[in-house]
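# No letters, just coordinates:
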């Protein structure tokens, strides 16, 4: 960034959970899987990070993003499985995953519903 300044726009494979870190070093873009379900939540993450509102950003990440990413980390491919399930839960067409991936368990569906309840104002 020291060399290319504001010409650098980096979008990596990690996204919503890395917003605070990215913005703290001057990166102003991120990839967002959450946007497939709640685009307004992704926009709020950007807004808070861009404004430097670290306290509100940390609170929103801890309440609404980190629990999802913790669930997604449980099993290879759950990044896809969880998001498809959440899409179905809000009336979008996520559908089942294709093998070798597996769908989330019934218990994890309940966890995803709990996470979605923290997203209500963004849906």
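Noted; the coordinates are in hand. Since this is a predicted model, take the numbers as computed values, not measurements. Numbers count the residues shown, from 1 in each chain.
# now the helices: where do they sit in the chain?
Using DSSP state H, the helices of the chain run over residues 19-24, 39-50, 54-60, 66-72, 78-89, 106-117.
# Just name the most buried of those helices.
For the helices of the chain, the largest average neighbour count (mean count of other C-beta atoms under 10 Å) is found in helix 78-89, namely a mean of 20. All C-beta atoms are positioned from the backbone trio N, CA, C, and that covers glycine.
# Let me know the angle separating that helix from helix 106-117.
Between helix 78-89 and helix 106-117, the angle comes out at 70 degrees (axes from the mean of the first three to the mean of the last three C-alpha atoms, to 10 degrees).
# for helix 78-89, packing partners?
helix 66-72, helix 106-117 (3 or more C-beta pairs under 8 Å, 6 or more residues apart in numbering; DSSP states H and E).
# contacting residues around residue 38?
When contacts are counted by C-beta atoms under 8 Å, 6 or more residues apart in numbering, residue 38 touches 90, 119, 122, 123.
# can you count the residues close to the last one?
For residue 123, the number of neighbouring residues by other C-beta atoms under 10 Å comes to 13.
# Let the chain start at 10 from now.
Yep, numbering from 10; the last one is residue 132 now.
# so what's the backbone phi/psi at the nearest residue to it once chain neighbours are set aside?
Nearest residue to residue 132, sequence neighbours excluded (C-beta to C-beta, 6 or more residues apart in numbering): residue 47, at 5.6 Å. Main-chain torsions, residue 47, degrees, to the nearest 10: phi -140, psi 80.
# can you check residue 127 too?
Backbone torsions for residue 127, taken as degrees, to the nearest 10, come to phi -80, psi -10.
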